[in-house]
Each structure stands twice: as structure tokens, then as C-alpha cells.
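Novice: Kindly return the folded structure for what I paste below:
(chains A and B)
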Amino acid sequence: MAKATVAALRAALDAGQQSARDLTEAALARAKSTQSSLRAFIRLREEGARADAAAADARREAGCVRSALDGIPVAIKDNIAMRDEVVTCASPILEGYVSPFSATVVEKLGAAGAVVIGSTNMDEFAMGSSTEHSAIGPSANPWNRKCTPGGSSGGSAAAVAAGIVPVALGSDTGGSIRQPASFCGVVGVKPTYGRVSRWGLVAFASSLDQIGVLTRTAADAAAALEVIAGHDERDSTSVPQPVPRYTDALTQDVSGLVVGLPEEYFVEEGVDPEVLASVREAVGELERAGARLRPVSLPHARYAVATYYLIATAEASSNLARYDGVRYGHRAAGAHGLSDLYRRTRSEGFGAEVKRRIVLGTYVLSAGYYDAYYRKAQQVRTLLRGDFERAFAGCDVLATPTTPEVAFALGEKTDDPLRMYLSDVYTVSANLAGVPAISVPCGLVRGMPVGLQLIGAPLDEATLLRTADAFERLAPQHVCEPPDPT
Amino acid sequence: MSDPSQSRYEVVIGLEVHAQLRTESKLFSPAPVRYGEPPNHSVHPICLALPGVLPVLNARAVELAIRAALATHCSVHEQSVFARKNYFYPDLPKGYQISQYEDPIATGGWLDVPQEEGAAPHRVRLTRIHMEEDAGKSIHDPAIVGSDATWVDLNRAGVPLLEIVSEPDIRSPAEAVAYLRTLRSVLRYIEVCDADMERGNFRCDANVSLRRQGETRLGTRTELKNLNSFRFVEAALEAEIERQAGLLDEGRAVEQATMAFDPATGRTRVLRLKEDADDYRYFPDPDLVPLVVSAEQIERVRQSLPELADAKCARFEREYPLSAHDARQLTESRVLADFFEAAVAGHGDAKSVANWILRDVLRALKEQDLEIEAAALTPEALAKLLRLVDEGKTTAKSARALVPELVLRGGDPEAMVRERGLEAVSDTGLLERTVDEVIAAHGPDVRRYRSGEKKVMNFLMGRVMQRTQGKADPSAVREILRSRLEGDDPR
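Specialist: Down below sits the predicted model:
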């Protein structure tokens, strides 16, 4: 099957060339045939997906198609809860855990008629940049199976890049959608914090986590985001603002658009020069189409990675306290007393990276260190927000590389957490500031995809999607497919 | 302190009260708040801390917290912050409790605790009021769970609590109890909390320290946890004061610690020392936005507050012919005060209604271990009963005898008087005969009366009432007695 977009699959459905059941069977078959090489999925939802596809066909028959996604196969990251389905966050501690409720985004996908075919692989509890920290083993990059697809939403990026599904949901706490999108040559959107409900997203770092979409094109991202975005009373941090019709925003016009280039992100140090050259070339493409480029400064961006790892680990240490073996999930056998039960359950149930972050976060919040670390990090976060506010006073979007390098080899950084953490250098500041950002493919370096990151003003996903969509049309050669990974 | 060993020390007590807010649902979850449900039935995925849940603040709980803050003269903050208090325990499903820490909803109030008649009230300052969620319940009792297991009931997990923290302004166990009674009365008045200690919805921790008389610095304090009745509060504080005084007398230091009181031995024991205390790693809960309360909302709650005990007491003294003591007693509970006013409306004589309530109704309640809320007696029935007495249709004595039954089972006083033959005897012939018998039997007293000792009349009245088993209409008896004794009738 061709690696189709939502638009192409919908056209096939509308023309009666294929049924939703056909699409779902094809997606399931492709997920299975690529599993040994890519390991994109943790679990397939075969029976449920078939039933949902049949229902979609019945709706189409009856002339009541629900949305652009009706009958379209999609995948969700394995940290998004779906009623009566297992959700594990790729962690042994949640092995076999069945959620009694659905995430808001899953309800919205269901209401739109989308067919969830399965849950994608990820770094355990979304902690990682390579999908290597997974209970089922790493995912591979469809462009080169020896390379990582990025992470933590690596399974979702691989599934879209490999043409298994046109849409996969991911979550982005410090770059976990955009970095794998960049590594796999697909589009990845991290919406404004609060734009998409977090109800049913298993928390990593609550003030940073945001669900978003991975797709092959900006237009598909607009269609999918339109479905999952919106205020939700079950999430107190959700923004009570109406969601514009993103698909209507794709005017292909970037004339007069002011693109800010943060000088801190265009220094040669710590970045692959060819990656930087690709991004510069992409920005030039926008300029030739009428956009104006403007240098801007984000003076506190240099503190972003440090700030991010303080706040994210602090919140994670608290969010993951509930996995104690008392009510659900893994419970160690043969424990002697309460402390021993906790110690054994959590020692057995969590992987090394999760433990590392729990320890870091516990330290960050502990008496005597709180002011030096957590409070200071929050102060820097406020300053960084101010940097973005000032930048957006004179720009419509900011452009940066998504990552400092293309996909690295599996195993290359697993023994060096600090180097792994530095692959988030361009992405974490958008999470800290709560602003939306998108990664769109902008070239290949040594045969691997490069991502252009566009960062928008709060709640202005529309401008990001319009710019990304326009760029795809200006440089269609970048919307490309990996060599067949099967 | 009566114990001389302790009188050399000044006792310093501060109290932390946990009051359960009267809401339909929990503080951050739609699970219902119910008492007496089977274990783990009043729960929702949020209370169980299932993966992916998020808390949503109960707006009603916020309103009740504001009521409590205003009723205790606290400043309500337009912005407050919920924080996570992190610790591991099986009945704490998230591994943290959502509470308020650096920025509570209210600070800086006071409560006037009434003293003996004539004395100015004792003002206890309040440090702060904050909102938090309750934990669940761990059941260790081997009789229930089998040998060394622990069971967890999460019905209570997430129930909204108000923590009300006093300044160390309390100087004795008796003052502590008086403060708690006053606070309970206020919270009941404003319908914020049922304040039923037996159900655990009004709980108290006490911080206590001693210092030499005249010393201005505070001594090292200990914290007494989970004092679940007024009696325990007093006994536990007495015991702890004695323990600390003993240490200080021997020249030893009090160690900062959390203590538990064992009612069986009447002693306090160390639960854990301060150096072993948990580091709760408080930080603002990122799942919740700061709680913002507008000045308008605060004003709206202020307008909706009922008349509070102090104001009501002052009004009762002003509007009714009542002593300060009676007014205070009648306004201790809002239900009792309302009962009084309704009975006065149906009868008219406030003094008489007050006497009957404070003497007879309260006694009957006490004998039957009831609160006024649970009494079957209506204010209308009491008014009717008093009218029957006023109109001479029954006697005060007979009426009084009916009160316990009215309190317990209710009923129509008029019918009860009729059915039980308690109508007043106003048969003049019978009364005149009885009066004559009494006069004949008490010659010396009659002479004392006639020589000017008018109060002997009451004694003779009593004799007549006794002979008629209390059924005689007192005003008729008085009339007949007077006419016989004053001699307008030669007999």
C-alpha cells in the first residue's frame, strides 16, 4: 500500500475504491510486517479496530460521515488511555494494566470516527530521546534501521514514516513529538500548553506535557489537531478558548510573514553544520516566497535544558509516586513489610532512566535544595516566557533547527545520559514557555531527514500550520518517503 | 493547672483543626461524600490515582472555605495555590496529598472564646485556614483483616478538609476545649461542617510547650496527633503537660516530636522524633492553576453569611428580656436559637420560653443524649404547651412532665393533656375544700402570714398543689388562699 496521507485515504473512501475495513486491514498488516524491523507498536487493537472500521463503513453507507478522519486508521502513543485497553507507558510497572476510561483525545478521535489500530512504542513514561528505554525494546528508524527514530514518541514517528498510519498521537514534554518527527522525516506538532486536554495522558511532567500529532503533511496535522484540540473541564490547565478551523488556515501564503531567527539557535557550536545549512536553506525558501526574516534574541534560552531537567524531573518524581504496587500494576512478590514492598516493586518495575529521573527530581525538591533548584528553575522559566513574549511582539513565528543532528545510531548514547539530554536543546524552550511548535521535514543530511522547527505565539497553531503547509509546497522534494523498511 | 509542679510553667498551646467541608462530592473528584458506605464504594478513578487522571477543584468547597474564613475574621486571599505534599503511604493513592502550603486561601483571623459570666471573651488568633484533601483509611485490626495484613478503604480519600491553625494563644487544656467548642459552634452556624467528632469530621492536633513563668521565648513543642473527642483533647493535653513538666523539673530537655495519646493508659508516647520527620517536598501542583477568588465573590459570600453566635447573642440580650448567660446558652447552636425564636413567635413571652427551653427541654435532651436537631419537639408544640399553662388548662408541673416525651416522640400537647387527665383542677368547690384543709393543718404558718410574712403564701400554695397532685390551677388556688388568709371571708 502506498504511504498515503489522510487526504489521499479519504479520497479513496469517498470514491468507494476502498472501505474503512480495507484501510484498517492494510494498516494492521503493515504494522505486523514491519514490527520485527521497526518495533513501532507495543500492542495492536485488532478486534476493536475492525469493529470500529465496520461501523465507519456503515456510517458512510448511511451518508453520515462524521469528520475528515472518519474511517481513517490512526495510532496512539502507549501513554494515552483507552477504555478497556491496556496502557503501559512501555513500563514493566504497568504491565497488563487496563484503563477503565478513555483519554479525552481518544474520545474525540472516536467521535470523529477515526479507527485506533494500536498503541505505539515509546521511551518508558516518555523519558528519553531514542525510544530505547522501552520494556519491549527499541524502535528503529524507517530511514535506517540501525538508527533511532528519536523519542520518546519514536513508535508514533516510525509508524507514520513507514506508512502504517497517516496520523499518530504523541506526547511532547521536552521535544518528544518534534525530535522523532525530525528524525523520521514527518510533521510533528506540539500544541500550546492547555490546547489539548491531558485527561487520560499518563503524566510525566504535568506542566510541560502536551499531546500532539505526527503526520506526513501539515495539512493532515491541521485536520488531526482540529479533532483533538479544545477546552476540557476535566483538565484544569486546559485553555477555555475556541479552536479555529486549522484546515481553513492553510492559505499557502507567507508573504509578509515575519520569521524570527533566534541568534542563540544559529550558532555553529554543538550542531551539525549540514543540519544548520539545511535549516538556513529552508528559511531562505520562505524568504523567497515573501516572508521577512528578522534576527531575534532569546537571552535565557541557554538555560533551557538545565531548567527543563530540574522541572521535569521534579514533577516526574511526584507523578510516578502512585506506582507503589498497592492498587494496580506490578507488585513485587515476597516483600517483607511496607517499605520492602515499595522498594522491590519500584526497583523491579521501573527502568534505569526512569529511576535516574525520580532520584534527580526527588533531590531537586528536597528540603534545603528546593530554593536553589526548583524555585530558581521556575524563575528562569518566567524569564524565558518573557523572552518569547518579546520575540513575538515583532515576529509571527520563530524558526530553528528541531535537533542539532540527524538520527543517531541505536545504542550510541544510551550510556551517556547527558549527551542524550542535549538532543533536546532546541525543543525544550517551547515546552517551558508553553508555546506551540511544529517540526517539518526540510532536507536530508547523509540520507537522513532534517527538521525545521517553527515556534508560534501562544494559541497560534494556525500560523505554524499555514507556514509549514506553505513550505511543503515551496519545497515539495522534502515531503519524501524512506526506503522501504520491511 | 492545679498541680503545683506545673504552676511554675506557663502552658502554651496552639491547635490545628481539620474540619470536613459539607460538600456533595470530593475536593478534586466527582465521587460522592457519604458516611457509612461499604469500603471503596465512594470512589472514582481520580480518588484511586489511576494513570491519566487529573484533579478538578470543587467550587462548592471553595465557597465553604471562604465562609469559614469570613466567619473567623480571616483575610481571604484573591489568589491561593494548591501544593503537593509528597509521602508514601498505602492510603494515600497518589503518593502525595493536595494541600495548600505557601499560599493558603486565608490568613490572620481570630475567634472570641466566651468566658465565665462577666469576663471578657478570650481572643485566640488564627494563623491561617487552608484547604486540603483527606487520605483514605488503613485498617490494621487483625480481627478484621487477618494476621498481619493491612486493608485500605479509599472512601475518605479526597474528602475536602479545612485546616484551621491557631496561634499559640491557648494557656490550658480547658481553654483548648473552650476554643474547640466555639470553633465547632461557628462552623455549624455557617453550615460549613457538621463538626461531628465521632464521625471524624472535626479532628484536632495540638502543639504544646511549656516555659518558665515570665519567660517570653517559646519552649520546645511537641505535637499531639488525632485527638478525636473533647475529652481526649483535655486528657491528652493534661498528660503531655505533666510529662513535659516532669522532664523540665529534672533539668532535662523536651525533644521536638510527634506524640500519640493512649486513652487506655492516659499517657502520651513518642510516635516519631523531629529528626525522623518526613521531607514532604512540597511544590505547587502543576495539574491545578492558582485558585483565584474575586473580591465580588468574597463579598457575595459575606452577604450570604447567617447571623453568627456573637451577633445573635447580643441581639437576644437587646431584644428579649434575657440575662447575658441565658442569651449565650440559647445562641450556642444556631438550631437552638432558631427554635427559641420560633417558640417565642408562637407564644409571646420570651422570658418564659427561655426558661422552659434552658431548664426543661435541655434537660430532657441531655437525659436522652440527643442534640436539639434530633428532637421531635417542635417550637410550635412548646408554644402550645406553654399557652395551656398560661390559660390554666394544665399546670406547669404537668406540662413539665410531658416535655421528655414531646422531645423524644413529639405530639400534640393539648391531646396529651386531655388523654392523660392532666387538665388543671379548677373545680372551685374542690379547691376551696383543699385550701381549707391546708389552712386547718398549718395554723402557725397561717398566723405568720397574717402577721406580715407574705412569703408563707408560697409554702401554703405548695401544700395545696401537693394535695391536688399538681393539677390545681395555681392562679385559682392563689385567689382562694388570698381571700381566706386576708380575711374577707370570715371562715
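Novice: can you pull the contacts of the residue nearest to B:R267 when sequence neighbours are not counted?
Specialist: Closest residue to B:R267 apart from its sequence neighbours, by C-beta to C-beta, 6 or more residues apart in numbering or on different chains: B:A239 at 5.5 Å. C-beta here means a position set from N, CA and C on the backbone, and glycine is covered the same way. By C-beta atoms under 8 Å, 6 or more residues apart in numbering or on different chains, the contact list for B:A239 reads B:261, B:266-268.
Novice: separation between B:A239 and B:V208?
Specialist: B:A239 sits 10 Å away from B:V208 when distances are taken as C-beta to C-beta, to the nearest Å.
Novice: List the residues that contact whatever residue of chain A ends up closest to chain B.
Specialist: Residue nearest to chain B within chain A: A:A321 (2.4 Å; C-beta to the nearest C-beta). By C-beta under 8 Å, 6+ apart, the contact set of A:A321 is B:86, B:88, B:94-96.
Novice: are any of the contacts of B:A239 buried, and which?
Specialist: B:261, B:267-268 (16 or more other C-beta atoms under 10 Å in any protein chain shown).
Novice: who touches A:A168 in this structure?
Specialist: Residues near A:A168 by C-beta under 8 Å, 6+ apart: A:74-77, A:120, A:153, A:155-157, A:159-160, A:213-215.
Novice: Can you lay out these as CSV showing pLDDT and distance to B:Y189?
Specialist: Below are the contacts of A:A168 laid out as CSV (pLDDT from 0 to 100; distance: C-beta to C-beta, whole Å):
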residue, pLDDT, distance to B:Y189
A:V74, 98, 57
A:A75, 98, 58
A:I76, 98, 52
A:K77, 98, 53
A:T120, 98, 57
A:S153, 98, 55
A:G155, 98, 59
A:S156, 98, 57
A:A157, 98, 61
A:A159, 97, 62
A:V160, 97, 62
A:V213, 98, 54
A:L214, 98, 58
A:T215, 98, 60
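Novice: quick one: which of these sit in helices?
Specialist: Among the contacts of A:A168, DSSP state H puts A:155-157, A:159-160 in helices.
Novice: Closest one of the contacts of B:A239 to chain A?
Specialist: B:F261 (24.0 Å).
Novice: what's the closest non-adjacent residue to the closest one?
Specialist: Nearest residue to B:F261, sequence neighbours excluded (C-beta to C-beta, 6+ apart): B:A236, at 3.5 Å.
Novice: on that earlier part again, and the contacts of A:A168, which is closest to A:G175?
Specialist: Nearest to A:G175 out of those is A:S153 (C-beta to C-beta; 9.6 Å).
Novice: quick one: B:A135 is in a strand?
Specialist: No. Looking at B:A135 with DSSP: H, G, I helix; E, B strand; the rest coil, it is coil, so not inside a strand.
Novice: hey, where'd the helices end up in the stretch 151-300 of chain A?
Specialist: Ranges of helices in the stretch 151-300 of chain A, per DSSP state H, counting those that start in this stretch, are A:154-161, A:178-184, A:218-228, A:273-288.
Novice: would you turn those into CSV with distance to A:S423 and mean neighbour count?
Specialist: Compiled in CSV, the helices of the stretch 151-300 of chain A are given as follows (distance: least, C-beta to C-beta, whole Å; neighbours: other C-beta atoms under 10 Å in any protein chain shown):
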stretch, distance to A:S423, mean neighbour count
helix A:154-161, 12, 35
helix A:178-184, 6, 35
helix A:218-228, 22, 27
helix A:273-288, 12, 17
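Novice: could these go into CSV alongside distance to chain B?
Specialist: Below are the helices of the stretch 151-300 of chain A laid out as CSV (distance: least, C-beta to the nearest C-beta, whole Å):
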stretch, distance to chain B
helix A:154-161, 17
helix A:178-184, 21
helix A:218-228, 15
helix A:273-288, 32
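Novice: Generate TSV for these, with distance to A:A126 as supplementary columns.
Specialist: Formatted as TSV, the helices of the stretch 151-300 of chain A follow (distance: least, C-beta to C-beta, whole Å):
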stretch	distance to A:A126
helix A:154-161	11
helix A:178-184	11
helix A:218-228	17
helix A:273-288	24
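Novice: For B:D148, see how far away the residue of chain A positioned farthest from its centre is.
Specialist: Ranking residues of chain A by C-alpha distance from their mean position (C-alpha atoms, centre = their mean) puts A:H336 at the top, at 40.7 Å. Distance of A:H336 to B:D148, given as C-beta to C-beta: 10 Å.
Novice: Kindly state the pLDDT recorded for A:G386?
Specialist: Note on A:G386: pLDDT of 98.
Novice: Assumed it was part of a helix.
Specialist: Yes. Residue state for A:G386 (three-state DSSP) corresponds to a helix.
Novice: residues contacting it?
Specialist: A:H300.
Novice: try B:E307
Specialist: By C-beta under 8 Å, 6+ apart, the neighbours of B:E307 are B:R315.
Novice: ok, back up a step: as CSV, the buried ones among the contacts of B:A239 with distance to B:L64, pLDDT and secondary structure would be great.
Specialist: Formatted as CSV, the buried ones among the contacts of B:A239 follow (distance: C-beta to C-beta, whole Å; pLDDT from 0 to 100; DSSP: H, G, I helix; E, B strand; the rest coil):
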residue, distance to B:L64, pLDDT, secondary structure
B:F261, 29, 93, strand
B:R267, 37, 93, strand
B:T268, 33, 94, strand
